[in-house]
Structures are given as C-alpha cells and as structure tokens.
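A.B. asks: Quick one: sequence plus predicted model below, questions after.
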Amino acid sequence: MASLSIRGLAVRYGATSVLDGVDLEVADGAYAILIGPSGCGKSTLLRAIAGLERPAAGTIHLGDRRVDALSPQARDVAMVFQSYALYPHMSVRRNLGFALEVRGLPRAEIDAAVEAVADQLGLRTLLDRLPAALSGGQRQRVAMGRAIVRRPAVFLFDEPLSNLDPALRADVRIELKKLHRRLGATFVHVTHDPVEALALSDQLVVLEGGRVAQSGPPRELYDAPTSAFVARFIGTPPMNLLPGLGDGHVARVDGWNRSFPTPLVGPVWVGVRPAECTLTPGSWGQVDAVEWMGAERVVTVVRPGFPPVAVQLRDRDVGIVEGGVDLSVERAVVLARL
C-alpha cells in the first residue's frame, strides 16, 4: 500500500487548463473522495494519477516513488471505471484473472487468487458466466474484483456507482466501505454525489475550477467549510447562505437577534445547515413550500431581499408548515462574501 502526494499538478488541453496547480496529500490506507461540479477536473485528476493523462507540470508520488513520468503499467495502481470495462467475451473467472495471466503467473497461483477474490465479493457462483448475464451490481463487483486481484498500491474509482439504481447504489456503497476496511488499502474515488462522498470518505477533497478548494475529514468540511462554494456543495439540502454584515467582532443578519463571532468586516455570508434551523410563529419570513420526505419535511421560507431558506424538520416534530415564521439557529459559520 502507499500514500499519495501531488504537488503543483497541471493538465492542459491546448490553451485550456483543466488542472491548475493541484496540491494534495492522501495518507496510506485513507479513503479519499474527489468531488466537485462537472468540469472541475476531478476525473482528469484521477486519470493523471493512473497515468492516462500527461501532466504539463507538477509531480505525483506514490509512497516514496515518483510516478508522473512512468507508464500506467509501471505505477502499481488499479482503476475501476464507470462503465465497468469488462471483456464481454470472457467469463467472470477470466475477467478476474486476466491481468495475472498477462504477467505470466502460474495457473495455480492465478486460480487461487481469483477464487479468494470471488469469495470476498460473493462471486463464486458467477465465475463461469459472461458479463452480459450479470446485473449492474454484479458487473461492478467483478470490476472491483479485477482490481483487487492485482493487489495494487492504490485503488482508483471513477464514479463506480453512477450507473446503478438508488437501492443497489446503497448496497454497493456498503460493500465498498467494508472492502476498504478489509483491504486497508488507499482508495481514491471520484463522485458527483454528496451523499456518497460523506458516507464513504475519511478524506473529502472538493475541487473547483481545476484547484483544490478544501480537503480534510468530511465532518470538518460539513461543519466548517472555508468558502461559500464548499458550504453549498457539501450536504443535502445544501447549507443556507444568508447575507449579513461583519464589524470585525460579530456578524449579524437582518431581523435576527443573534450574532456570530467573526474577524471579517463588511458583507459576509452566514451559513446555516437546514437541520439546525428552527421555526416559530412570527414575521421574519413566510413559508413558501413544504416537501414531505418520509421521516422529515423540508420547509422553504422566503423573505424579501434574501435567498430562499431551507429548514429540515423531523416529520413527527413538524408544527408550523404555513404562514409567517421567525427563523432561529444556535450555530452558524461566517464566510467572506466574494
């Protein structure tokens, strides 16, 4: 297994810069998730780690080896693609063992490795089937198994759950978490799904415009985002950003009797998670919409001059769902309004 260290990484397509000076550290054995909007460079970064994109500048180290000038085969990484990329004419058994065949390993060693991985992933009864006879979840497990059997230093996953239906996605997500725990390997995983990112990662990396906007434990990014972009991107529903004013000591929001500590002066965003809002009868805003989500309701409150505010309430505790309301919170994060 190996840590991952990236310094000043840039990838350009002609005059277009896709990655622009990326610095990133992933500890040995970590589960790092790369997330960001379409076009932010997350898949390009994964492909650069794999050796499928040539950097214009910067370095990539796996452990103590510099690998950015090496071929993909020499990097000791395994990549699981969004499309599974299975060989359609090969059985599950041959798909799992093909990389070992190419290396010229003895047949007995290949068979033992394939059967061990098949047992790990519940594929033993499927070993003689072709990919066309498998479900989406089974194909994904074969794709993961093909990576595991190689015993790479780093596993790379490019949106591995995006082709699965929601129920199956949750099941495979749990399997990925268990697999990471069992292997103790370094995982780097690209997704566009904030729920998937929070559920799987122990390191969350948010990319914006080809750069790392923030990296750290998922709870840290959820509770203490360093920018409005990260605040809105992490969490479902996203964090509310309410316009306020800072005086260098505290920030205030129009119509609230609470203030929040900040060294910032001038226009700021006061960020509040929807689950940390409470409503009482009043005149600060009006209930505009109520969405029932089963165990909870999401109430949208509007006030002139403010963006709509989402409030997450447990369904059994819902009392106010219409009319005028006051909005109160106990905890908020104050961010520069850039």
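C.D. replies: Received, thanks. Numbering: from 1, shown residues only.
A.B. asks: Every contact and neighbour count from this point should use C-alpha atoms.
C.D. replies: Will do.
A.B. asks: Tell me what L241 is bridged to.
C.D. replies: Beta-bridge pairing of L241 under DSSP bridges involves G271.
A.B. asks: element containing L198?
C.D. replies: helix 194-200 (DSSP states H and E).
A.B. asks: Give me the next element, helix or strand, following that helix.
C.D. replies: Where DSSP H and E defines the elements, the next helix or strand beyond helix 194-200 is strand 203-208.
A.B. asks: Could you pull out the buried residues of the helix holding L198?
C.D. replies: P194, E196, A197, L198, L200 (16 or more other Cα atoms under 10 Å).
A.B. asks: Touching, the first one and I234? I think so.
C.D. replies: Right, P194. Yes - the criterion here is Cα atoms under 8 Å, and P194 meets it with I234 at 5.9 Å.
A.B. asks: Report the backbone C-alpha coordinates of the helix holding L198 in CSV.
C.D. replies: The C-alpha trace of helix 194-200 is given here as CSV (Å, rounded to 0.1, in the frame of the first residue of the first chain):
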residue,chain,number,x,y,z
PRO,A,194,-22.6,14.5,-1.9
VAL,A,195,-24.3,11.7,0.0
GLU,A,196,-21.9,9.1,-1.4
ALA,A,197,-19.0,11.4,-0.6
LEU,A,198,-19.9,11.8,3.0
ALA,A,199,-20.9,8.2,3.5
LEU,A,200,-17.6,6.7,2.2
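A.B. asks: hmm, who's touching it?
C.D. replies: 31, 33-35, 173, 176-177, 191, 204, 218, 233-236 (Cα atoms under 8 Å, 6 or more residues apart in numbering).
A.B. asks: Drop the exposed ones from those and show what's left.
C.D. replies: Here, 16+ other Cα under 10 Å leaves Y31, I33, L34, I35, R173, L176, T191, L204, P218, F233, I234, G235 buried among the contacts of helix 194-200.
A.B. asks: Now do the same contact list for R75.
C.D. replies: Counted by Cα under 8 Å, 6+ apart, R75 has contacts A50, G51, V67.
A.B. asks: What confidence value was assigned to the nearest residue to the second one once chain neighbours are set aside?
C.D. replies: Right, the one you point to is G51. Closest residue to G51 apart from its sequence neighbours, by Cα to Cα, 6 or more residues apart in numbering: P72 at 4.6 Å. P72 carries a pLDDT value of 91.
A.B. asks: What residues does P72 make contact with?
C.D. replies: Counting by Cα under 8 Å, 6+ apart, P72 has contacts A50, G51, L52.
A.B. asks: Which members of the residues you listed are positioned in helices?
C.D. replies: A50 (DSSP state H).
A.B. asks: Which entries within the contacts of P72 meet the buried criterion?
C.D. replies: Applying 16+ other Cα under 10 Å to these flags A50, G51 as buried.
A.B. asks: Among the contacts of P72, find me the one that's closest to A167.
C.D. replies: A50 (29.9 Å; Cα to Cα).
A.B. asks: My read is that P261 contacts D247, right?
C.D. replies: No - with contacts counted by Cα under 8 Å, P261 stays clear of D247, the gap being 9.6 Å.
A.B. asks: Is A108 in a helix, a strand, or coil?
C.D. replies: helix (DSSP: H, G, I helix; E, B strand; the rest coil).
A.B. asks: okay, now it: neighbour count?
C.D. replies: 9 (other Cα atoms under 10 Å).
A.B. asks: which residues of this structure score low on pLDDT?
C.D. replies: Applying pLDDT under 70 to the chain picks out residues 316-320.
A.B. asks: What ranges does the stretch 151-300 of the chain have for its strands?
C.D. replies: 154-158, 186-191, 203-208, 211-216, 240-247, 250-253, 259-261, 265-272, 277-292, 296-302 (DSSP state E, counting those that start in this stretch).
A.B. asks: Adding distance to A224, write those out as TSV.
C.D. replies: Putting those into TSV (distance: least, Cα to Cα, whole Å) gives the following:
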stretch	distance to A224
strand 154-158	27
strand 186-191	21
strand 203-208	13
strand 211-216	10
strand 240-247	13
strand 250-253	16
strand 259-261	14
strand 265-272	10
strand 277-292	17
strand 296-302	22
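A.B. asks: Can you check which of these gets nearest to R139?
C.D. replies: Between the strands of the stretch 151-300 of the chain, strand 154-158 lies closest to R139; by Cα to Cα that is 14.2 Å.
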